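1. just coords:
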């Protein structure tokens, strides 16, 4: 397909791809945005979907809606499975059918996926938390295990069914473990009060000796304190040695009986390095120069989680939303410059600060002006900024209604088990009760 | 398990089971409520979930929440697979594990399932609309087909992908076809305006020569008029002769190319007659006497869609919510009477009227006082009464917010394709394009 206007293909409608498309949409350029989902996902609130606080659609916004008024932005639902650098062409697959689309410029903003570090048992038994399906799957799983726990009188089986282990001491691990404990303590505890011995545990495991590595020490300590005061058990300095269906073994040799291992301990770039024929960097990322051009590949840019660029502090830029947004915008601008025959600009990161919520009135924040906030004030800051960032007025309104409701009533209202298919994991758990688990 | 207090088992937490449990909960009785889902479903709004208007959790309410404060109501998530009339015991299955629970009295309120009349092709290719999973599946399917339609330039393929056939001229068929057309006309038409030849059709097929059989003639005609003025094509007096993956053949021999056949033309009682060892009545229902006792089976009651009882007009009572509610309440009262050594009361139906919505400002209603309403007034009545009936304050609030939003903006906000697993139906549709479909 030949076009008179330059054609830019953007792979991925996350924060990087979205900001790139928005920047380009204002110009005389044809844009093709490709994503595996028909929605943009507000990932910071994924854990609230997983823990029954929000509905999936409240954090997902249809991509076609976002660009409804931009006549020059086309959308394609599908998965990219090949890139031809020479022919400047991308192959997209859906249900076995393949489309080829030509580009003048390409932006790879395909993000990252959960990194199970090639541990097959971990991948099979663990729960990632990167996609909307992940979140719904985890929600269904936890609710089903609680129901299942009422079927048994065996205290060890009951413990396994109601113990949740979260691995990873970053924001996702903190937020998920805090929200899981609140789900139990504020809701499930009361709903299962007629059943005997239904006492849940939430255990957060981190391999380093402290939480929230990039944060100031005061906030690290505050986060640990707030988690513990909430009721989460925190185990520092230990990694997961074995991730089985009905237990987890830590590096110390300690055995935790559980069927719920949430893996928030690593992501890796989506597998695009191979498609481009370039060497993958640490974590499967693609090396880019300061203009965000992929090293050695003409007219191809990479932004966000998938891009590997060393910051002035000697570390690669972190895989966080503000980096993706700013890189997406810059890649778009550099393409506009290239079209105009000008040279592009180099990436400089405007750090917006970092924050993590732990639970009701509990959070740590280190926002824009480097004020260190903890507790209620940090939590309010977190709430406010996330509402502000949430895309689309209606989503914001619904989330706000739900948050107010949850705050006032301590309720979590999205507690439905919604499944279309036979649940193989539940069946495997059921089967495992025939075997003898290792002694604690 | 022996208890000092009488124990009542209720199978099904739909409207019949729920009202029975609520009535019994106030007394010195142990109640075990069993359901295959952990939520009570507000079925009248299912079509709004299927057509992107509401989130699943907005019409589903956790059963444990409903009875949180009733210490004598126990809940069990599972599927009943056997009833032992002699031992007075029910067997419940979940993931291969079986529990046996004893009863003094049993209420079967298991409702109805979609009736495909043993037509395998219809069951495989058609979309029922009885469960929450059905609704989410239909939503995903329609959104996927529209995306798929942008991949092809073949006008016939495009037509098949964007043509939706709804079979059944009852309230579900009307509501679904109206809402599908509005989804296209108010939302999808605009979102796909950059794609060529994306023109959807919604066709409602009814075997009788008029819609809404039990309604007064004036309302039947008004409903037809309102549907047509909206844009739905209505075909009366024709049934479905063949339901294939990529087309429907009507009794006239007409072929409609489509991948979306919504089957709203029949329900049948859940398969409990066989478990009880009684003869199934028409539509798989269980015959009960006027006290709602299952004919010839001691201490077992049946209520709602699954119960078969002839009304004074010579017809069986209709399978509608008010019948289920009133029968559930009566069965509970009759059990209380039996425990007290008194004789029970006979069922008399207090008819609340009927109504069906067709779309924005379009409806027919024939409520309590037999006033015949059409158009905007009927629609407002429908909205108001359904909000009133929706269980739980928060659900009502969210639905209200969404309805106001949808009304003001013509939007449908829950347009996300959420799938965990490979979609086999899409794959079969894709494969079918290799074959030659019959000529139109």
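-> Yep, that arrived. In this text, all values refer to a predicted model and were calculated from it rather than measured experimentally. Numbering: from 1, shown residues only, chains lettered A, B, ... in the order given.
2. now residue A:13: how far from residue A:61?
-> For residue A:13, the distance to residue A:61 equals 10 Å [C-beta to C-beta, to the nearest Å]. Backbone N, C-alpha and C define where each C-beta goes, glycine included.
3. ok, the two, which is more surrounded?
-> A count of neighbours by other C-beta atoms under 10 Å in any protein chain shown puts residue A:13 above the other of residue A:13 and residue A:61, at 28 against 24.
4. how near is that one to residue A:293?
-> Counting by C-beta to C-beta, the separation of residue A:13 from residue A:293 is 21 Å.
5. same check on residue A:236?
-> 41 Å.
6. how about the residues of the stretch 101-250 of chain A by chain B?
-> A:132-133, A:136-137, A:143-144, A:147-148, A:150-151, A:190-192, A:194 (C-beta under 8 Å from any C-beta of the partner chain).
7. those into JSON lines, with extra columns for neighbour count and pLDDT?
-> Output for these, formatted as JSON lines (neighbours: other C-beta atoms under 10 Å in any protein chain shown; pLDDT from 0 to 100):
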{"residue": "A:132", "neighbour count": "24", "pLDDT": "94"}
{"residue": "A:133", "neighbour count": "15", "pLDDT": "92"}
{"residue": "A:136", "neighbour count": "21", "pLDDT": "92"}
{"residue": "A:137", "neighbour count": "19", "pLDDT": "92"}
{"residue": "A:143", "neighbour count": "22", "pLDDT": "94"}
{"residue": "A:144", "neighbour count": "22", "pLDDT": "91"}
{"residue": "A:147", "neighbour count": "20", "pLDDT": "93"}
{"residue": "A:148", "neighbour count": "22", "pLDDT": "91"}
{"residue": "A:150", "neighbour count": "19", "pLDDT": "92"}
{"residue": "A:151", "neighbour count": "20", "pLDDT": "89"}
{"residue": "A:190", "neighbour count": "15", "pLDDT": "93"}
{"residue": "A:191", "neighbour count": "19", "pLDDT": "92"}
{"residue": "A:192", "neighbour count": "22", "pLDDT": "94"}
{"residue": "A:194", "neighbour count": "17", "pLDDT": "89"}
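8. for the residue of the stretch 151-300 of chain A found nearest chain B, which residues are in contact?
-> Sorted by distance to chain B under C-beta to the nearest C-beta, the residues of the stretch 151-300 of chain A start with residue A:191, at 4.0 Å. When contacts are counted by C-beta atoms under 8 Å, 6 or more residues apart in numbering or on different chains, residue A:191 touches B:62, B:64, B:65, B:68.
9. what do you get if the cut-off is 7 Å, keeping everything else the same?
-> By C-beta atoms under 7 Å, 6 or more residues apart in numbering or on different chains, residue A:191 lies in contact with B:64, B:65, B:68.
10. compute the number of surrounding residues for residue A:279.
-> Neighbourhood size, residue A:279 [other C-beta under 10 Å]: 11.
11. from residue B:22, how far off is it?
-> From residue A:279 to residue B:22 the distance is 66 Å (C-beta to C-beta).
12. same thing with residue A:9?
-> For residue A:9 relative to residue B:22 (C-beta to C-beta), the value is 58 Å.
13. my guess is residue A:83 contacts residue A:275, does it?
-> Yes - contact criterion C-beta atoms under 7 Å: residue A:83 and residue A:275 qualify, at 4.7 Å.
14. low-confidence stretches in the stretch 1-150 of chain A?
-> Applying pLDDT under 70 to the stretch 1-150 of chain A picks out residues A:1-3.
15. in the stretch 251-400 of chain A, which spans are strands?
-> Counting by DSSP state E, counting those that start in this stretch, the stretch 251-400 of chain A has strands at residues A:255-257, A:260-263, A:267-269, A:286-287, A:300-302, A:307-308, A:353-359, A:362-367, A:373-374.
16. repeat that for the stretch 51-200 of chain A.
-> Taking DSSP E, counting those that start in this stretch to define them, one finds strands in the stretch 51-200 of chain A at A:60-62, A:73-77, A:79-84, A:89-94, A:97-102, A:105-108, A:112-114, A:126-127, A:163-167.
17. tell me the most buried of those?
-> With neighbours taken as mean count of other C-beta atoms under 10 Å in any protein chain shown, these reach their highest mean count in strand A:105-108, at a mean of 29.
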